[in-house]
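K.L.:
structure of the sequence below:
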Amino acid sequence: MEQHDPSASRALATRRTLEVIAAALALAFGATIILGALEYRIGWGERGPEPGYFPFWMGMIVVVGAIGALFEALFARRHADAPMAINADQARRVALFLLPMLGFLVLALIFKLGLYVAMVAYMLTVMLWQGRYRLPAALAVSFGTAAVFYFMFELWLHVPLMKGPVEAWLGIH
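P.N.:
Here you go, the predicted structure:
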């Protein structure tokens, strides 16, 4: 007989808290877009819009929407009796989904191992850890996916993706 874990149903966050966090993240994202656009001209020139015009206004739309969502999350009355939004068990499942993606970003961008190495590591991790596939199948799919992406982007479309030291060592840099 399986025992019930009381911490698994413990409330971790309310809906209001999650909405405030999401609005704040959207606000930061919009501000980042605006700051990036301000590195270029954002006006209208003789030949049409300047390089920063479209990103600036898209960033403004995101910021305005995020501010609206933030005010609604902070001041809406519907949250007074709202139940919990996420419990410990649900948070664990979300973490199982997000941790491999975080690992992918760390490998690709921070350690600069390239997208192909990060892709293989991501696919392998997800298939073994979450999917409970056997190692040979996980290896075949992981390396096969990276190979398909390599042929599709590098050879057929001539769009180079970020590569790292492994690709250089293999001579496909």
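K.L.:
if I read this right, residue 135 contacts residue 128, doesn't it?
P.N.:
Yes. Contact criterion C-beta atoms under 8 Å: residue 135 and residue 128 qualify, at 6.9 Å. Where you see a C-beta, it was placed from the backbone N, CA and C, and this is true even at glycine.
K.L.:
and for residue 32, the neighbour number?
P.N.:
Neighbours of residue 32 under the rule other C-beta atoms under 10 Å: 12.
K.L.:
phi and psi next, for it.
P.N.:
With angles defined as degrees, to the nearest 10, residue 32 sits at phi -60, psi -40.
K.L.:
who is residue 14 paired with across the strands?
P.N.:
Bridge pairing for residue 14 (DSSP bridges) gives the partners residue 84.
K.L.:
that one and residue 40, how far apart?
P.N.:
41 Å (C-beta to C-beta, to the nearest Å).
K.L.:
where exactly do the helices run in this structure?
P.N.:
15-37, 53-75, 88-105, 115-125, 135-149, 165-170 (DSSP state H).
K.L.:
right, so of these, which gets closest to residue 158?
P.N.:
helix 135-149 (13.8 Å; C-beta to C-beta).
K.L.:
domains in this structure, by residue range?
P.N.:
Following automatic domain parsing, one gets these domains for the chain: 9-82, 88-173.
K.L.:
nearest the geometric middle of the protein, what residue?
P.N.:
residue 101 (7.0 Å; C-alpha atoms, centre = their mean).
K.L.:
can you pull the contacts of that one?
P.N.:
Shown in contact with residue 101 (C-beta atoms under 8 Å, 6 or more residues apart in numbering): residue 122.
K.L.:
and the pLDDT for it?
P.N.:
You'll see residue 101 listed with a pLDDT of 90.
K.L.:
now do residue 83
P.N.:
Per-residue pLDDT puts residue 83 at 67.
K.L.:
what does residue 59 give?
P.N.:
For residue 59, the model assigns a pLDDT of 95.
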